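Undergrad: What would the 3D arrangement of this be:
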Amino acid sequence: MDRRVLLLALATFVTGTAENIVIGILPDIAGGLGVSIGLAGQLTAIFSITFALAAPLALLLTARFERKGAFTAALAAFLLCNLLAAASPGYGVLFAARIGMAAASATIALLATMLATELVDERMKGRAIGMIFMGVSGSLVLGVPIGMLVSSLAGWRSVFLALAALAAGVLIVCRLKLPDIGASRQGSPDYGTHLRSTPLASAQLVSILMISGHFVLFGYLSPYIADVLGVTGAGIVVGFVAFGVAGVSGGYLGGLAADKVTPRRAIVLVPAGYLAALVLIPFAAGTSLAFFPVMMVWACLSWMISPVVQSFLIATGPDTAEAGVSLNLSAMHIGVGLGTALGGVAVERVPIVYLPGIGAGLAALALAAAALAYRGAGRRTGMVV
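TA: Sure thing, here's the model as predicted:
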């Protein structure tokens with residue numbers, strides 16, 4: 001693996017930390033700005049919404065620019081938005097900084113993915129994409145806890161200063177180490193052609209449904225573990241650490257699966273395994289000894305899907321690959337929003353033990369969409385799957 005891919009993964013680690021860190025330091029921000037916890041929580045929601053809207057627009061805006069220059073410009077914008085967040089005198093300025101941060105993050109994630117696939121040969125593209133997503137998942141395991149520690153020691157503003165400093169370091173090294181790859185090979189992105197393709201549109205639906213199914217349970221995993229297993233306090237922390245470790249490995253394993261068994265097969269195998277894991281969770285919930293290993297398998301498979309789908313989009317629709325990747329970044333964030341919202345409605349209306357079943361229903365729909373993608377890809381000619 002080209003070491004420069006690790007540098008790109010570090011960039012997505014920084015942006016992933018920025019997206020999720022507010023969850024960990026929510027009381028600090030709310031107290032510091034004199035706003036409610038609910039209002040402070042909207043700083044995470046606006047990030048996800050902006051990211052989903054900005055990813056396709058980012059490809060349109062950067063298509064004519066040299067990728068390395070566009071990537072480092074996005075890092076510079078991200079840096080400035082974090083400095084603005086650190087210096088924000090009130091909630092409104094911080095809210096605006098989060099919008100800018102999210103737009104820059106969407107551009108960074110998009111260009112990091114495309115740059116990574118340019119830096120490796122054909123046999124390694126899936127693993128290169130997987131490394132990018134390891135950066136994102138790694139931010140949940142390492143970035144957020146470290147950010148919480150920084151906030152407890154030096155205040156919440158110091159977290160954004162630290163992110164700005166880390167972004168500055170990544171920017172400098174990228175300027176020195178990344179090659180001048182050139183502008184987009186495909187000109188203006190053709191979203192219409194991409195979405196009119198049954199296998200490509202079905203693959204996008206796989207991402208939305210699988211990630212929705214994931215967040216139906218993951219968004220409420222802490223109360224689920226407490227209510228179903230009777231585990232609280234340190235036990236829940238250990239559970240989340242185990243979940244995070246499994247998730248980080250899933251990013252790489254998804255890319256490896258796409259490279260080894262082909263993206264066309266992997267797009268069916270991963271949702272099938274994921275559905276099986278969700279079905280097993282209620283049966284394993286009688287004891288921590290059974291539950292946590294099954295939970296780790298579920299976590300690993302959930303993080304495998306993004307590199308698998310993106311590898312499928314690139315292999316199956318090379319002419320619209322860049323449009324596909326940008327739309328997929330949006331699809332992932334749509335899935336997060338839908339799953340979290342559905343889970344929130346569910347916990348208000350039915351016992352929390354039903355959440356894995358609801359997630360499994362969405363996973364079954366994802367498997368059906370994957371079957372459509374598989375069949376459609378099989379009818380296309382001249383592609384590598």
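
Undergrad: right, and T232 touches V238 too?
TA: No. Taking contacts as Cβ atoms under 8 Å, T232 lies outside contact range of V238: 11.3 Å. Every residue, glycine included, has its C-beta placed from N, CA and C.

Undergrad: what do those two both touch?
TA: Counting by Cβ atoms under 8 Å, 6 or more residues apart in numbering, T232 and V238 have no contacts in common.

Undergrad: How confident is the prediction for the residue nearest to the spatial centre of the chain, by pLDDT?
TA: Central residue of the chain (Cα atoms, centre = their mean): V136, 5.9 Å from the mean position. V136 is assigned a predicted lDDT (pLDDT) of 79.

Undergrad: Distance check, it against I129.
TA: Using Cβ to Cβ, to the nearest Å, we find V136 at a distance of 11 Å from I129.

Undergrad: try A165
TA: A165 is 28 Å from I129, by Cβ to Cβ.

Undergrad: neighbour count winner among those two?
TA: Taking other Cβ atoms under 10 Å, A165 and I129 do not tie; I129 has more neighbours (31 against 14).

Undergrad: Now do the more buried one against L256, distance only.
TA: Using Cβ to Cβ, we find I129 at a distance of 11 Å from L256.

Undergrad: any common contacting residues for the two?
TA: By Cβ under 8 Å, 6+ apart, I129 and L256 have no common neighbours.

Undergrad: In contact with I281, which residues?
TA: L217, F291, V294, M295, W298, P356.

Undergrad: The third one: which element?
TA: Secondary structure assigned from DSSP states H and E places V294 in helix 288-316.

Undergrad: Mind checking the pLDDT average for whichever helix or strand comes after that helix?
TA: Downstream of helix 288-316, the next assigned helix or strand under DSSP H and E is helix 321-349. Mean pLDDT, computed over helix 321-349, is 85.

Undergrad: Who are the packing partners of helix 321-349?
TA: In terms of contacts (3 or more Cβ pairs under 8 Å, 6 or more residues apart in numbering; DSSP states H and E), helix 321-349 is packed against helix 37-62, helix 91-119, helix 191-196, helix 198-218, helix 288-316, helix 355-379.

Undergrad: now do 6 Å
TA: Judged by 3 or more Cβ pairs under 6 Å, 6 or more residues apart in numbering; DSSP states H and E, helix 321-349 is in contact with helix 37-62, helix 91-119, helix 191-196, helix 198-218, helix 288-316.

Undergrad: From I358, how far out is V144?
TA: Counting by Cβ to Cβ, the separation of V144 from I358 is 26 Å.

Undergrad: which phi and psi does G155 have?
TA: When read as degrees, to the nearest 10, the backbone of G155 gives phi 90, psi 160.

Undergrad: angle of the helix holding V294 against helix 198-218?
TA: Interaxial angle, helix 288-316 versus helix 198-218 (axes from the mean of the first three to the mean of the last three Cα atoms, to 10 degrees): 160 degrees.

Undergrad: Give me the neighbour count for the closest residue to S212 other than its chain neighbours.
TA: Excluding its sequence neighbours, the residue lying closest to S212 (Cβ to Cβ, 6 or more residues apart in numbering) is G339, at 3.8 Å. Counted by other Cβ under 10 Å, the residues lying close to G339 total 25.

Undergrad: From L221, how far off is G339?
TA: According to Cβ to Cβ, G339 stands 12 Å off from L221.

Undergrad: Same question for T232.
TA: To L221, T232 is 13 Å away according to Cβ to Cβ.

Undergrad: neighbour count winner among these two?
TA: Shown here are T232 and L221; by other Cβ under 10 Å, L221 has more neighbours (18 against 12).

Undergrad: Outline the domain layout of the chain.
TA: Here the domain parsing of the chain from automatic domain parsing is 3-177, 191-377.

Undergrad: what's next to stretch 102-116, contact-wise?
TA: Residues from elsewhere that reach stretch 102-116, judged by Cβ atoms under 6 Å, 6 or more residues apart in numbering: 5, 8, 11-12, 15, 47, 50-51, 54-55, 58, 67, 70-71, 74, 77-78, 128-129, 132, 325-326, 329.

Undergrad: Save the helices and strands packed on helix 321-349 as JSON lines, and put in mean pLDDT and mean neighbour count too.
TA: JSON lines is the format used below for these (pLDDT from 0 to 100; neighbours: other Cβ atoms under 10 Å):
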{"stretch": "helix 37-62", "mean pLDDT": "82", "mean neighbour count": "18"}
{"stretch": "helix 91-119", "mean pLDDT": "91", "mean neighbour count": "23"}
{"stretch": "helix 191-196", "mean pLDDT": "88", "mean neighbour count": "14"}
{"stretch": "helix 198-218", "mean pLDDT": "92", "mean neighbour count": "25"}
{"stretch": "helix 288-316", "mean pLDDT": "90", "mean neighbour count": "24"}
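
Undergrad: With distance to I172 added, can I get the ones you listed in CSV?
TA: As requested, the helices and strands packed on helix 321-349 are exported to CSV (distance: least, Cβ to Cβ, whole Å):
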stretch, distance to I172
helix 37-62, 21
helix 91-119, 15
helix 191-196, 34
helix 198-218, 33
helix 288-316, 28
